[in-house]
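>>> Can you look at this prediction? I've put the sequence above it.
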Amino acid sequence: MKFNSELALFLKARYPIIYINTIEEDRVEYVIRKNIKTNLNRSIYSWDFVDGYTNNPNNEGFAKRNPLQALELVERLSAETPALFLLKDFNRFLTDLSISRKLRNISRILKLQPKTIIIIASDLTIPKELQDLVTILQFQLPLEDEISQELNRLTESLNIKIEPKLLETLTRACQGLSLERIRRVLSKIIATYKTIDENSIAVLLSEKKQIISQTEILEYSSVTEKIASLGGLDNLKDWINKRKTAFSIQASNYGLPTPRGLLLVGIQGTGKSLTAKAIANDWQLPLLKLDVGKLFGGIVGESESRLRQMINLAETISPCILWIDEIDKAFTNTESKGDSGTSNRILATFISWLSEKNKPVFVISTANNIDLLPLEIIRKGRFDEIFFLDLPNKSEREEIFKIHIREFRPNNIESFDYSKLAQLSESFSGAEIRQSIIEGMYHAFYEKREFTTEDICLALKELIPLANLESNQMLKLQNWASSGQIRLASSKHIYLN
């Protein structure tokens, strides 16, 4: 573990104060104790505000409710005694002048003697006057190997046998959860289902939803849509299918890089949002929807802070899918905005993360207007692929009508004339086709009878498709598709230069 090697290096180099930002207090203490026992010969003194020092009989209860006295123990121990002081939640006292001054005073001792203070806290707050003394050490959430070991330990203790493929899926679903939370949710699964099986995946994803609900920037989207719900788009479907197992251990062992993301471009209603939901369902990954409007705060620096919070949360929950709907409206021509450069900084940070991220966060962005997209977003390397979702052709419209009518009348799908419906729905998007069916149903329901092909035909004649209202924008998109700069989502759409 990288954490162990860095900790050992810091201790040998006599770094005076190490700050570990984590919510896994018990796990980090266990890892530190194991590391010290294996690699270094040091006594460990563990302190918290309520109980004082514990796990050491000579100082049991010392400095209870007294953080200043907790630091005095460093001076009381002989200079030759190698020691490690674990101070829990001590960040809350760092702004106190006496604590801050005391830390700066004893830092001289810490540099000369084999003693180190480790602050364990769930928040990262370091006063400016201590920043030069404090070294931040990252403690990651449990990785695949540790999660897999915990699952094996639990299943063996309960005498439950699970297939290797299910174990891998469960391990992936547990990523982003603390070890304590994994144990708690597994106990919930055992209590509910009396075993660990495919049903466990939904419970684990629900646990991740609890974490996401703690922030207002990201929204956990529950999805039921399937790839089969998408009419046409054969090129896009094939691309998605080939990457279905790209987040697996086998893919990693094969040397495959994790997929980075997709940019879906097309007019409204062509299935961009539906595709994002279908991918999340098909790949069995949590879908996080970013509300870009909430990124931009009124206080200077708040927007950048919220973006970092969003990135940290997405990477914590990973592997996951981050869905950014209508990215063209969020990151429009930033030079025209009078916001003191906030939009430019947000865009720069975001695209830098897109290019450099190494966590399995698959980003799906949708856009309606290519004129508003910054060139930095479109450039190769930000996304794996850019797909253009055009209006469906005649055969695709037939397929879309069948998909939606099967949803409304699964036992009566053969009684409709799909060829006629497809013929009358030229320039209609998938969303508009669905709406025409609903309009036809309303008409028939008003007359207290079952709806028919003719009811839908009547609705099609009354509805005006968006493509007719935004013909210039549609033509622009199609010309861009014909330029070869973007991949077609459907092989049935061929544009000639």
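Arrived safely, thanks for sending.
>>> all helices for the stretch 201-350 of the chain, in order.
234-242, 249-254, 272-283, 302-317, 327-330, 342-356 (DSSP state H, counting those that start in this stretch).
>>> now the stretch 1-150 of the chain
Shown for the stretch 1-150 of the chain, the helices assigned by DSSP H, counting those that start in this stretch span residues 2-12, 25-39, 67-76, 97-112, 144-157.
>>> Mind giving me the packing neighbours of the fourth one?
By that I understand helix 97-112. Contacts of helix 97-112 with other secondary structure elements, assessed using 3 or more CB pairs under 8 Å, 6 or more residues apart in numbering; DSSP states H and E, are made with strand 17-21, helix 67-76, strand 115-121. Any C-beta I mention is one placed from the backbone N, CA and C, and that applies to glycine too.
>>> Select, out of those, the one closest to Ser5.
Distances from Ser5 to each of the helices and strands packed on helix 97-112 were compared using CB to CB; the shortest belongs to strand 17-21, at 13.8 Å.
>>> Return, as residue ranges, the portions of this protein with sub-threshold pLDDT.
Low-confidence segments of the chain, defined by pLDDT under 70, are located at 1, 214-216, 296-302, 332-341, 492-497.
>>> need the contact list for Ile456.
Contacts of Ile456 were listed using CB atoms under 8 Å, 6 or more residues apart in numbering, and they are Phe401, Phe416, Leu421, Ser436, Ile437, Glu439, Gly440.
>>> And the next helix or strand past the helix or strand harbouring Ile433?
Under the criterion DSSP states H and E, the helix or strand holding Ile433 is helix 430-446. As assigned by DSSP H and E, the chain's next helix or strand after helix 430-446 is helix 453-462.
>>> Same question for that next one: list its buried residues.
By neighbour count, and taking 16 or more other CB atoms under 10 Å as the criterion, the buried residues in helix 453-462 are Thr453, Asp455, Ile456, Cys457, Leu458, Ala459, Leu460.
>>> before we move on, the earlier item: of all the helices of the stretch 201-350 of the chain, which one comes closest to Lys226?
Put simply, out of the helices of the stretch 201-350 of the chain the one that sits nearest Lys226 is helix 272-283, at 5.9 Å, with distance taken as CB to CB.
>>> Kindly export the closest one (C-alpha atoms) in PDB.
The C-alpha atoms that make up helix 272-283 are tabulated as PDB, following Å, rounded to 0.1, in the frame of the first residue of the first chain:
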ATOM      1  CA  LYS A 272     -29.100  11.500 -25.500                       C
ATOM      2  CA  SER A 273     -30.300  11.500 -21.900                       C
ATOM      3  CA  LEU A 274     -32.000   8.100 -22.400                       C
ATOM      4  CA  THR A 275     -28.600   6.800 -23.600                       C
ATOM      5  CA  ALA A 276     -26.900   8.000 -20.400                       C
ATOM      6  CA  LYS A 277     -29.400   6.200 -18.300                       C
ATOM      7  CA  ALA A 278     -29.300   3.000 -20.400                       C
ATOM      8  CA  ILE A 279     -25.500   2.800 -20.200                       C
ATOM      9  CA  ALA A 280     -25.600   3.100 -16.400                       C
ATOM     10  CA  ASN A 281     -28.200   0.300 -16.200                       C
ATOM     11  CA  ASP A 282     -26.400  -1.900 -18.700                       C
ATOM     12  CA  TRP A 283     -23.000  -1.500 -17.000                       C
END
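>>> just checking, what packs against it?
Helix 272-283 is packed against helix 234-242, strand 261-265, strand 287-290, strand 320-324, strand 361-367, with contacts defined by 3+ CB pairs under 8 Å, 6+ apart.
>>> Find the residue closest to Asp234 in space, skipping its chain neighbours.
Excluding the flanking residues, the one nearest Asp234 by CB to CB, 6 or more residues apart in numbering is Ser491, at 5.5 Å.
>>> Just give me the neighbour total for the one you found.
By other CB atoms under 10 Å, 12 other residues sit near Ser491.
>>> again with Phe451
Around Phe451 there are 23 other residues, counting by other CB under 10 Å.
>>> Next, it: phi, psi?
With angles defined as degrees, to the nearest 10, Phe451 sits at phi -80, psi 150.
>>> is it true that it touches Gly440?
Yes: at 5.0 Å, Phe451 counts as touching Gly440 under the criterion of CB atoms under 8 Å.
>>> Mind checking which residue lies nearest the centre of this structure?
For the chain, the residue lying nearest the average C-alpha position, counting by CA atoms, centre = their mean, turns out to be Ala314 (2.8 Å).
>>> I'd like the distance between that one and Ile211.
Using CB to CB, to the nearest Å, we find Ala314 at a distance of 11 Å from Ile211.
>>> Kindly report the same for Leu205.
Computed as CB to CB, the Leu205 to Ile211 distance reads 11 Å.
>>> One more: Leu77?
Here the distance between Leu77 and Ile211 works out to 40 Å (CB to CB).
>>> for Ile99, same thing?
32 Å.
>>> picking up where we left off before, a markdown table for the helices and strands packed on helix 272-283, including mean neighbour count and distance to Phe90?
Conversion of these to a markdown table gives the following (neighbours: other CB atoms under 10 Å; distance: least, CB to CB, whole Å):
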| stretch | mean neighbour count | distance to Phe90 |
| --- | --- | --- |
| helix 234-242 | 16 | 48 |
| strand 261-265 | 23 | 40 |
| strand 287-290 | 22 | 33 |
| strand 320-324 | 25 | 33 |
| strand 361-367 | 25 | 32 |
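>>> who wins for proximity to Cys174 among the ones you listed?
Nearest to Cys174, of all these, is strand 320-324, at 12.6 Å by CB to CB.
>>> Would you give the sheet partners of that closest one, along with the direction of each?
According to DSSP bridges, strand 320-324 has the following sheet partners: strand 287-290 (parallel), strand 361-367 (parallel).
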